[in-house]
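return atomic coordinates for the entry below.
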Amino acid sequence: MQRNLVILLILSFFSAAGFAEGTRTWQQSKYEDFLKGTSHGVAISSDGFLQLAPAFKLVASTPSSAIWATAVGPQGEIYAATGAPARVYRILPGGKATAIFQPQELQVQALVVGKDGALYAATNPDGKVYKLEPGKGNGATGVSSAHAEDGRDAHHSKAKQDDQAPKQGDQAEPDTENSANGWKSSVYFDPGTKYIWSMLLDDNANLYVATGDHGQIFRVSPNGEHALFFKSDEPHIRVLAFDAQGNVIAGSDGSGLIYRITPKGDGFVLYSAPKREITSLAIDKAGNIYAAAFGEKRGGSGPSSVTVAIPAAKPPDAAAAPAAGPNNAAPPADSAVTLNSLSAAIPGGSGVYKIAPDGSPSLLWNSRDDLVYALAFDSRGRLLAGTGNRGEIFEISGREDYTELVKAEANQVTAFVKAPNGGLYASTSNLGKISLLSSAADAEGSYESDVFDAQVFSKWGRAEFQGSGNVELFARSGNVDNPDRNWSTWTRVDLQKDAKITVPPARFVQWKAILHPGDIAPRVDSISVNYLQKNVAPEFDDVVVTPGIRYQSAPRPPNLESGQRFDPQPSPIHDRESIGVKWTSRDQNDDQMVYSVYCRGDGQTRWLLLKDNLNERFYSFDASLLPDGGYTIKVSASDSPSHSPGEALSSEKESDRFEVDSTPPQIQDLKASARGGQIHVQFRAADSFSTIRRAEYSLDAGEWHFVEPIGQLSDAKTENYDFSLPLPSDDSDREHVVVVRAYDHYDNMNSAKTVVSGK
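Numbering: from 1, shown residues only. Model prediction:
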């Protein structure tokens with residue numbers, strides 16, 4: 001296809017009975033939508049489109065879990081510094097990784113190659129810099145094992161305390177060349193610190209070494225002389241880079257500071273990042289400095305509170321020792337190391353910042369879930385970020401403008417180095433691999449969407465495609481959520497013809513796009529799938545009737561858009577004159593429903609309509625409409641508002657039987673007489689429908705007092721009462737008023753009075 005493919009198609013009308021008339025559309029056109037799918041050679045832009053990604057091919061796998069740094073030798077060979085186990089590997093064309101150095105320390109953290117082909121490898125903990133040199137056999141297969149003495153004596157401690165570099169001669173004797181390995185190693189520089197995080201070589205072969213414990217940078221000259229180059233007030237100097245003027249740009253852990261240090265060692269803080277730790281630096285040709293940082297920034301000048309994650313696998317002898325994690329996070333100088341899960345959320349998040357040549361900073365990219373381990377530029381000068389813990393490589397073009405280029409088959413992308421052919425070697429950890437990120441697009445890319453759940457059995461219509469270039473579209477369907485469990489095969493969707501999706505009707509569907517290079521770059525902006533659900537009748541959970549309750553509806557919001565549904569929750573109000581009905585219902589098609597409410601009394605066969613065309617799921621009515629007796633409410637639900645006449649479905653549900661009693665009991669044969677200093681009272685309470693619950697009396701407008709019926713139990717529709725009230729001796733000749741009242745089972749009340757004459 002050599003022209004833009006913009007196909008906007010309408011799903012044809014399905015006339016089969018029983019299927020919903022409302023055509024629905026599943027669309028994917030946003031970055032968040034595309035992230036749910038699976039890409040192979042396809043990049044996902046934050047602007048919401050798919051395009052071919054750079055080719056990403058595996059070069060080599062190592063036995064180690066983590067690769068911290070890589071370097072390319074004079075002949076194009078690759079060297080990898082690793083941990084778990086700690087090795088330096090030499091990788092020749094063909095991808096075979098040969099271990100050429102095995103230190104006693106737990107990690108080989110940093111690695112640089114000199115112009116003469118010598119390697120400088122830094123280890124952690126008990127940081128040392130080793131010099132590795134090929135022997136007469138060119139080191140093709142051998143291993144050099146460092147067993148030299150530590151070499152630190154009392155003057156090391158003094159140098160550490162006085163912030164002075166260790167003195168020349170503090171290095172161990174080199175291992176002699178061994179015919180079994182072909183490489184020799186020696187301790188080139190021992191800074192007397194616990195951690196070495198980064199190294200640089202300048203054009204004059206001066207080696208700059210960034211350390212932890214006291215935030216120092218040392219400079220080692222080619223003849224082996226070394227001195228303290230820069231001392232910060234941070235616990236760790238984490239990363240180093242050179243700018244065009246020969247200044248050292250350094251990033252710290254503790255306060256997230258970025259320094260510019262002149263060749264004379266004079267430092268100036270360019271930027272204090274909002275994060276705790278600077279993890280990577282990159283500088284473009286225009287002099288812009290890009291810095292990756294992560295972690296919560298805490299106030300004060302106390303010890304660093306770095307959280308460290310260790311690789312999934314580690315040597316047995318490393319079990320008790322702290323180790324740097326795949327984020328190269330620096331352990332605290334004088335506080336305990338916390339081992340954290342690799343999949344845990346990143347406290348404080350991660351960000352990439354740009355410092356312009358005039359010193360002004362700006363945020364380019366941030367994430368709560370992805371930690372940036374490495375920054376680099378591709379052959380076209382575009383900024384790339386290697387991240388974890390999902391093993392992604394992003395191209396960052398501007399503020400919140402980025403593209404997910406690659407998702408590696410590893411948890412973390414930890415390092416980049418330029419490849420001789422113009423691409424980039426990308427190193428990963430968990431698993432420890434090296435892959436080539438090409439400067440050219442892949443020959444073909446495919447993208448599989450997320451599985452879409454239509455909720456019910458559905459027919460599939462036509463596809464709507466927006467994009468350009470040579471793109472093929474496929475679809476498949478099934479009735480389980482796992483496509484590997486006997487779905488239909490991938491079926492091509494003819495975008496040039498009618499774009500009809502000819503896969504079996506089912507509940508689930510998925511699409512796949514294959515992008516082919518051409519004169520016009522292939523691109524997918526949007527894919528929509530039209531579908532028609534099989535209509536399913538509404539369902540009820542329950543119908544609840546409550547006498548003495550009136551439901552009040554909430555007012556319709558004024559900003560509700562036309563066609564937008566309004567489903568208010570009922571607000572109950574106590575009202576003895578009302579009966580409230582509410583119900584819960586659902587429709588798998590998410591159709592709009594209309595309800596009718598019916599009533600039927602005990603012994604009746606006909607349902608009487610109380611109200612129809614209700615949109616709300618509650619209703620209240622006047623209790624006086626129902627004489628005393630037992631009743632049942634029935635609610636009917638129909639999806640007719642969403643369907644053509646004759647295609648709607650309905651269902652109904654009855655409530656539990658309930659009773660209505662709005663008539664109070666009658667007070668009968670009330671009599672009272674005074675005799676012997678007492679008032680003798682007799683009456684009968686009778687109700688035509690329910691039992692008498694209780695009775696009370698009041699004498700001379702006094703407080704109400706409970707009175708028991710004859711036989712004490714109140715459990716009949718008619719109860720008789722006979723009781724006497726004592727009178728004070730001085731009140732025996734006065735007139736008295738006796739008032740009695742009785743309640744039935746539904747709290748209907750009636751009262752009566754009688755007057756007792758004095759003597």
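
for the stretch 251-400 of the chain, which segments count as strands?
Applying DSSP state E, counting those that start in this stretch to the stretch 251-400 of the chain gives strands spanning 257-261, 267-272, 277-283, 289-294, 307-308, 338-339, 350-355, 361-367, 371-377, 383-388, 392-398.

typo on my end, it should be the stretch 51-200 of the chain
Secondary structure of the stretch 51-200 of the chain (DSSP E, counting those that start in this stretch): strands located at 54-61, 66-72, 78-83, 88-91, 97-102, 107-113, 119-124, 129-134, 144-145, 183-189, 195-201.

mean pLDDT, distance to H214 and mean neighbour count for these - can I get that in CSV?
Backbone N, C-alpha and C define where each C-beta goes, glycine included. Listed next are the strands of the stretch 51-200 of the chain as CSV, based on pLDDT from 0 to 100; distance: least, CB to CB, whole Å; neighbours: other CB atoms under 10 Å:
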stretch, mean pLDDT, distance to H214, mean neighbour count
strand 54-61, 94, 36, 17
strand 66-72, 96, 21, 25
strand 78-83, 96, 23, 27
strand 88-91, 94, 26, 24
strand 97-102, 92, 27, 22
strand 107-113, 96, 17, 25
strand 119-124, 96, 15, 27
strand 129-134, 92, 17, 22
strand 144-145, 58, 29, 20
strand 183-189, 92, 16, 23
strand 195-201, 96, 10, 23
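
would you mind saying which of these lies nearest G381?
Shortest separation from G381 across those is recorded for strand 54-61, at 14.1 Å, computed as CB to CB.

just the residues contacting the closest one, thanks.
41, 43, 78, 80, 89, 91, 95-97, 378, 405-406, 408, 423, 425-426, 431-443 (CB atoms under 8 Å, 6 or more residues apart in numbering).

strand partners of that strand, parallel vs antiparallel please.
strand 433-441 (antiparallel) (DSSP bridges).

kindly export the partner strand (C-alpha atoms) in PDB.
The C-alpha trace of strand 433-441 is given here as PDB (Å, rounded to 0.1, in the frame of the first residue of the first chain):
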ATOM      1  CA  LYS A 433      22.200 -10.300  28.000                       C
ATOM      2  CA  ILE A 434      23.600  -7.900  25.400                       C
ATOM      3  CA  SER A 435      21.500  -7.000  22.400                       C
ATOM      4  CA  LEU A 436      22.100  -4.700  19.400                       C
ATOM      5  CA  LEU A 437      19.600  -1.800  19.000                       C
ATOM      6  CA  SER A 438      20.000  -1.000  15.300                       C
ATOM      7  CA  SER A 439      19.900   2.500  13.800                       C
ATOM      8  CA  ALA A 440      17.500   1.100  11.100                       C
ATOM      9  CA  ALA A 441      14.000   0.000  11.400                       C
END
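
buried ones in that strand?
Buried residues in strand 433-441, counted by 16 or more other CB atoms under 10 Å: K433, I434, S435, L436, L437, S438, A441.

and stretch 637-654, by the same measure?
Buried residues in stretch 637-654 (16+ other CB under 10 Å): A637, S638, D639, S640, S642, H643, E647, A648, L649, S651, E652, K653.

could you find the closest non-adjacent residue to the fifth one?
Among residues not flanking S642 along the chain, D591 sits closest, at 3.8 Å (CB to CB, 6 or more residues apart in numbering).

now the phi/psi pair for that neighbour, please.
Taking degrees, to the nearest 10, you get phi -80, psi 160 for the backbone angles of D591.

and it, what is it in contact with?
Taking CB under 8 Å, 6+ apart as the definition, contacts of D591 comprise A20, G22, N535, P538, D639, P641, S642, H643.

and G267, by the same measure?
Contact criterion CB under 8 Å, 6+ apart gives F230, S232, A250, Y259, R260, I261 as the residues in contact with G267.

touching, the last one and F229? I think so.
The one in question is I261. Yes - look at I261 against F229 with CB atoms under 8 Å: they come within range, at 7.5 Å.

neighbours of W607, how many?
Burial of W607, expressed as a neighbour count using other CB atoms under 10 Å, amounts to 17.

does it touch V635 like I think?
No - with contacts counted by CB under 8 Å, W607 stays clear of V635, the gap being 10.9 Å.

mutual contacts of these two, please.
With CB under 8 Å, 6+ apart applied, the overlap between the contact sets of W607 and V635 consists of Y598.

so G37 touches V451, yeah?
No - because the distance of 9.3 Å does not satisfy CB under 8 Å, G37 is recorded as not touching V451.

filter the contacts of D591 down to the ones in strands?
When DSSP state E defines the strands, the subset of the contacts of D591 inside them is empty.

which one of the residues you listed sits closest to G348?
For the contacts of D591, the minimum distance to G348 (CB to CB) is 46.5 Å, reached by G22.

ok, that closest one - contacts?
G22 makes contact with L532, Q533, N589, D591, S642, H643 under the criterion CB under 8 Å, 6+ apart.

from N750, how far out is the fourth one?
Right, the one you point to is D591. Distance check for D591 against N750: by CB to CB, to the nearest Å, it reads 50 Å.

contact partners for the nearest residue to G359 once chain neighbours are set aside?
Leaving aside its sequence neighbours, G359 sits nearest to L270 (CB to CB, 6+ apart; 6.2 Å). Neighbouring residues of L270 by CB under 8 Å, 6+ apart: I249, I258, Y259, R260, I289, I355, G359.

which member of these is positioned nearest L384?
I289 (15.6 Å).

and the closest one, what are its bridge partners?
With DSSP bridges as the rule, I289 is bridged to I283, I355.

the one 5 residues further on now?
Listed by DSSP bridges, the beta-bridge partners for F294 are E277, S350.

so for it, what's the pLDDT?
At F294, the model reports a pLDDT of 93.

for it, give its distance to K634.
For F294, the distance to K634 equals 62 Å [CB to CB].
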